[in-house]
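J.: need a structure here:
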Amino acid sequence: MTDTIAKLLRTVFVAGIALVGMIMAAILVASTAVALAIVYVVAKLRGKPFVPNTYWKRSQTRWGFGGGTATDNGGASQPVRSGYAGRMKRSDIVDVEVRDIP
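T.: Residues are numbered from 1 along each chain as shown. Below you'll find the model as predicted:
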């Protein structure tokens with residue numbers, strides 16, 4: 001009898017956690033849809049088309065993750081350095097090896 005009650009409580013607990021997780025996922029999807037709708041409406045009000053690919057590339061470049069290039073006066077292409085990528089230099093990167101000493 002005690003084992004049955006313990007299994008029932010464990011099942012209810014796991015089902016409750018699963019239900020909370022599904023509610024959180026639904027809130028995430030709904031908030032993402034609202035954010036995309038706002039961006040779409042703002043783009044329409046400005047008279048520009050909303051192209052998700054262009055928006056994604058622009059936001060990635062802004063944070064320093066994009067691989068965009070820009071041409072300078074000589075016509076040679078150079079990587080775009082904005083945000084964190086602009087502050088980071090190759091000489092600042094250090095390779096570190098970690099060993100466990102017993």
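J.: and the next element down the chain from the helix or strand L45 falls within?
T.: Under the criterion DSSP states H and E, the helix or strand holding L45 is helix 2-46. Tracing the chain C-terminally past helix 2-46 and defining elements by DSSP H and E, one meets helix 52-62 next.
J.: if you average pLDDT over that next one, what comes out?
T.: For helix 52-62, mean pLDDT is 74.
J.: Quick check: buried residues in that helix?
T.: Counting neighbours by 16 or more other CB atoms under 10 Å, one finds that the buried residues in helix 52-62 are T61. C-beta coordinates here come from the backbone N, C-alpha and C atoms, glycine included.
J.: returning to that earlier point: could you list every helix and strand that the helix holding L45 packs against?
T.: Secondary-structure packing of helix 2-46 (3 or more CB pairs under 8 Å, 6 or more residues apart in numbering; DSSP states H and E): no helix or strand packs against it.
J.: Give me the mean pLDDT for it.
T.: Along helix 2-46, the predicted local confidence has a mean pLDDT of 94.
J.: count of neighbours near I17?
T.: Per other CB atoms under 10 Å, the neighbour tally for I17 reads 10.
J.: From M24, how far out is it?
T.: In this structure, I17 lies at 11 Å from M24, with CB to CB, to the nearest Å as the measure.
J.: Repeat that for A18.
T.: From A18 across to M24, the span is 11 Å (CB to CB).
J.: next one: Y40
T.: Relative to M24, Y40 is positioned 25 Å away (CB to CB).
J.: Would you mind telling me which of the two has the busier surroundings?
T.: Remark: of Y40 and M24, Y40 carries more neighbours, 13 against 10, as counted by other CB under 10 Å.
J.: Skipping its backbone neighbours, what lies nearest that one in space?
T.: For Y40, ignoring the flanking residues on the chain, the nearest one in space by CB to CB, 6 or more residues apart in numbering is F50 at 4.9 Å.
J.: and the one you found, what does it touch?
T.: V39, Y40, A43, K44 (CB atoms under 8 Å, 6 or more residues apart in numbering).
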